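> structure of the sequence below:
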Amino acid sequence: MLVSENVLEMKNICKSFPGVRALQNVDFKLRAGEIHALMGENGAGKSTLIKVLTGVYSKDEGDIYLDGKVVAIHSPQDAQRVGISTVYQEITLCPNLSVAENMYIGRGTGKLQNWKKQNEDADKILKSLDIPAKATQQLASCSIAVQQMVAIARAVDMDCKVLILDEPTSSLDDLEVQKLFGLMRDLKSRGVGIIFVTHFLDQVYEVCDKITVLRDGTLVGEYSIQEMPRVMLVSKMLGKDLDDMSDIKGEQAPYNGKDASEVVLEAEGLQSDAGIKPFDFYIKKGEVNGFTGLLGSGRSECVRAIFGADRVIGGKVKKNGKIVNINKPIDAMKNGIAYLPEDRKIDGIVGDLSVRDNIILALQVLKGPFKPFSKAEAYKFADEYIKLLSIKTASADTPIKSLSGGNQQKVILGRWLLTHPEYLILDEPTRGIDVGTKIDIQKLVLELASEGMSVTFISSETDEMLRTCSRLVVMRDRKVVGELSGEDLTQNKIMSTIAGGDK
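Numbers count the residues shown, from 1 in each chain. The predicted structure follows:
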């Protein structure tokens with residue numbers, strides 16, 4: 001049962017980084033005995049707000065109140081001292097130590113630890129919270145779910161008033177999620193205020209009392225679960241009204257070759273170790289289709305499975321009607337599949353190499369390490385794609401890390417186009433780049449499709465998906481929940497499908 005007092009209140013929180021206003025006058029309130037979802041798309045400011053609350057970042061402006069009193073939080077230790085604990089998606093405990101050692105490590109008084117007593121105390125806490133673990137067992141022997149519960153038990157034993165759970169269910173199966181929810185409800189009944197950061201809509205509506213939505217570093221609003229239908233929540237997160245956009249398409253004529261109806265690639269029951277449910281997928285010659293859904297819905301994991309970037313654990317893939325084995329990226333490349341990854345900094349560019357070396361990289365991999373390109377060939381390829389894609393660089397010898405984000409993206413796109421793929425996967429190809437370059441890439445995608453290339457396009461921006469795609473596969477909670485095309489390919493229909501169909 002909720003009580004009226006706010007155990008935590010954040011008022012007018014501002015935080016800036018060089019060139020970026022990450023939080024602007026954000027308010028957040030949490031009651032004792034409340035499970036409160038903090039939601040928003042990538043870049044909304046969720047992580048920054050949590051890091052300000054836990055002392056990882058210092059705020060530029062604003063105040064933090066605990067039980068009505070202003071508190072100064074300059075470090076994670078300060079946060080812990082005043083009763084704020086965080087359990088992260090990545091377990092931050094020591095797997096080589098016992099459960100009890102993880103619960104009490106760093107909390108000694110300077111005297112010799114009485115491990116017999118602490119093992120007994122740990123067992124009492126674990127039993128009281130119904131956590132299936134023993135104090136003396138090695139943490140590594142526990143499942144990820146139990147390890148997270150141990151981290152929560154550690155926080156509870158430190159008398160936390162506010163518990164932050166940052167994407168705690170992303171690595172858990174359905175049964176483990178239910179066990180975690182049981183523990184959350186238990187803590188709620190004890191008066192602990194819980195901030196639940198997640199992208200899973202179904203879980204929010206199952207376990208939470210309230211939702212706060214952030215977008216672009218600002219507060220959209222605070223809502224009770226009862227007053228926020230799912231489709232409206234999706235609308236708030238995306239920043240789009242339900243009827244504020246018409247069905248927009250590119251001006252480029254579609255591919256009309258005799259083989260336009262032929263299926264280039266087909267996946268049946270495909271499943272990877274990244275946690276997506278088995279899914280079916282196909283793409284035709286000259287088609288631009290896409291995966292859409294909120295961040296964390298599984299859209300990127302689907303294309304990573306198709307490309308062999310994640311380990312495939314089930315299903316089969318057909319290329320031009322024949323079964324092919326794609327267990328790693330080189331297998332996909334040899335089958336004419338190219339993949340521009342979501343994170344160009346980590347998975348795309350090789351920062352210290354030149355623009356030229358980055359452009360020829362994929363084709364060189366296909367050719368083999370013992371058959372290097374001649375200098376003349378390398379120069380020819382690089383100059384061709386620098387010109388074709390209007391890449392702004394001092395020269396082909398310039399290190400790619402010196403280029404703007406948009407030009408880095410064009411270099412990676414050039415790298416894959418140089419392999420002349422039959423099927424091109426583009427995951428967030430326009431994220432973080434200027435509007436002009438976005439339009440250039442969208443036009444190029446439609447042009448490539450009109451010439452017969454099959455393209456899968458993924459973007460967080462709904463209008464961009466509508467502008468480029470003729471068919472969309474809709475994802476929610478790591479499973480396919482619908483497919484839209486023709487008259488159904490509208491923003492309203494996309495959002496209602498993501499939300500689960502409520503009107």
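> show me where pLDDT drops low in the stretch 401-503 of the chain?
Within the stretch 401-503 of the chain, the ranges that satisfy pLDDT under 70 run 432-437, 501-503.
> repeat for the stretch 1-150 of the chain
Looking at the stretch 1-150 of the chain by pLDDT under 70, you get 1-4, 42-43, 89-91, 106-113.
> and the helices in it, which stretches?
All helices of the stretch 1-150 of the chain, identified by DSSP state H, counting those that start in this stretch, fall at 46-53, 76-82, 99-104, 115-128, 144-157.
> would you mind giving the ones you listed as JSON lines with distance to Thr198 and mean neighbour count added?
To be clear about C-beta, it is placed using only N, CA and C from the backbone, and glycine gets the same treatment. Formatted as JSON lines, the helices of the stretch 1-150 of the chain follow (distance: least, Cβ to Cβ, whole Å; neighbours: other Cβ atoms under 10 Å):
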{"stretch": "helix 46-53", "distance to Thr198": "10", "mean neighbour count": "22"}
{"stretch": "helix 76-82", "distance to Thr198": "21", "mean neighbour count": "16"}
{"stretch": "helix 99-104", "distance to Thr198": "24", "mean neighbour count": "24"}
{"stretch": "helix 115-128", "distance to Thr198": "25", "mean neighbour count": "15"}
{"stretch": "helix 144-157", "distance to Thr198": "13", "mean neighbour count": "22"}
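> what's the closest of those to Ile211?
Of all these, helix 46-53 sits nearest to Ile211, with 12.0 Å by Cβ to Cβ.
> show residues contacting the closest one.
8, 10, 13, 15, 22-23, 26, 28, 38-40, 57-59, 64, 73, 79, 84, 86, 164, 166, 195, 197, 214, 217 (Cβ atoms under 8 Å, 6 or more residues apart in numbering).
> run the chain-centre distance for it.
17 Å (Cα atoms, centre = their mean, to the nearest Å).
> for Asp157, see how far away Gly293 is.
According to Cβ to Cβ, to the nearest Å, Gly293 stands 38 Å off from Asp157.
> mind pulling up the phi and psi values for Cys469?
phi -100, psi 150 (degrees, to the nearest 10).
> so it touches Val288, yeah?
Yes - using Cβ atoms under 8 Å, Cys469 makes contact with Val288 at a distance of 5.2 Å.
> what's the overlap in contacts for those two?
Joint contacts of Cys469 and Val288 (Cβ under 8 Å, 6+ apart) are Phe457.
> what about the strands in the stretch 201-350 of the chain?
210-215, 218-224, 263-272, 279-284, 288-292, 312-319, 322-324, 337-340 (DSSP state E, counting those that start in this stretch).
> just list what the first one packs against, helices and strands only.
Think strand 210-215. strand 35-39, strand 218-224, helix 230-238 (3 or more Cβ pairs under 8 Å, 6 or more residues apart in numbering; DSSP states H and E).
> so the second one versus strand 210-215, what angle?
It refers to strand 218-224. 160 degrees (axes from the mean of the first three to the mean of the last three Cα atoms, to 10 degrees).
> show me what strand 218-224 packs onto, helices and strands only.
Secondary elements touching strand 218-224 (3+ Cβ pairs under 8 Å, 6+ apart): strand 20-31, strand 210-215, helix 230-238.
> in a markdown table, list the ones you listed along with mean neighbour count.
Below are the helices and strands packed on strand 218-224 laid out as a markdown table (neighbours: other Cβ atoms under 10 Å):
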| stretch | mean neighbour count |
| --- | --- |
| strand 20-31 | 18 |
| strand 210-215 | 22 |
| helix 230-238 | 20 |
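> so which of the ones you listed gets nearest Phe457?
helix 230-238 (17.1 Å).
> touching, Glu483 and Arg471? I think so.
Yes - contact criterion Cβ under 8 Å: Glu483 and Arg471 qualify, at 6.8 Å.
> in PyMOL, select just the buried ones from the contacts of helix 46-53.
One line in PyMOL is enough to select the buried ones among those; burial here means 16 or more other Cβ atoms under 10 Å:
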select buried, resi 8+10+13+15+22+23+26+28+38+39+40+57+59+64+73+79+84+86+164+166+195+197+214+217
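> what about Leu265, how many neighbours?
Neighbours of Leu265 under the rule other Cβ atoms under 10 Å: 24.
> for stretch 345-365, C-alpha coordinates in PDB please.
Extracted as PDB, the C-alpha positions of stretch 345-365 are listed here (Å, rounded to 0.1, in the frame of the first residue of the first chain):
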ATOM      1  CA  LYS A 345      32.500   3.700 -32.900                       C
ATOM      2  CA  ILE A 346      32.700   0.200 -31.500                       C
ATOM      3  CA  ASP A 347      31.700  -2.100 -34.400                       C
ATOM      4  CA  GLY A 348      32.300   0.100 -37.400                       C
ATOM      5  CA  ILE A 349      35.300   2.300 -37.800                       C
ATOM      6  CA  VAL A 350      38.900   1.400 -37.200                       C
ATOM      7  CA  GLY A 351      39.800   4.800 -35.800                       C
ATOM      8  CA  ASP A 352      43.600   4.900 -36.400                       C
ATOM      9  CA  LEU A 353      43.300   3.600 -40.000                       C
ATOM     10  CA  SER A 354      42.900   6.000 -42.900                       C
ATOM     11  CA  VAL A 355      39.700   6.600 -44.800                       C
ATOM     12  CA  ARG A 356      41.100   4.500 -47.700                       C
ATOM     13  CA  ASP A 357      42.000   1.500 -45.400                       C
ATOM     14  CA  ASN A 358      38.500   1.700 -43.800                       C
ATOM     15  CA  ILE A 359      36.800   1.700 -47.200                       C
ATOM     16  CA  ILE A 360      38.700  -1.400 -48.600                       C
ATOM     17  CA  LEU A 361      38.600  -3.300 -45.400                       C
ATOM     18  CA  ALA A 362      35.500  -5.600 -46.000                       C
ATOM     19  CA  LEU A 363      36.600  -6.400 -49.600                       C
ATOM     20  CA  GLN A 364      40.100  -7.200 -48.400                       C
ATOM     21  CA  VAL A 365      38.700  -9.600 -45.900                       C
END
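> can you give me the buried ones in that stretch?
So, applying 16+ other Cβ under 10 Å, buried residues of stretch 345-365: 348-349, 354-364.
> out of those, who's nearest Val99?
Gly348 (40.3 Å).
> just give the nearest non-adjacent residue to that closest one, would you?
In space, and not counting its chain neighbours, Gly348 is closest to Ile412: 4.6 Å by Cβ to Cβ, 6 or more residues apart in numbering.
> contacting residues around the one you found?
340, 344, 348-349, 358.
> closest to Lys493 among those?
Of the contacts of Ile412, the one sitting nearest to Lys493 (Cβ to Cβ) turns out to be Leu340, at 27.1 Å.
> measure the closest one to Val411 for me?
With distances taken as Cβ to Cβ, Leu340 is found 11 Å from Val411.
> give me the more crowded residue out of these two.
When Leu340 and Val411 are compared for neighbours, Val411 comes out ahead with 27 against 22, by other Cβ under 10 Å.
> does the more buried one touch Leu353 like I think?
No - with contact defined as Cβ under 8 Å, Val411 does not count as touching Leu353 (10.1 Å).
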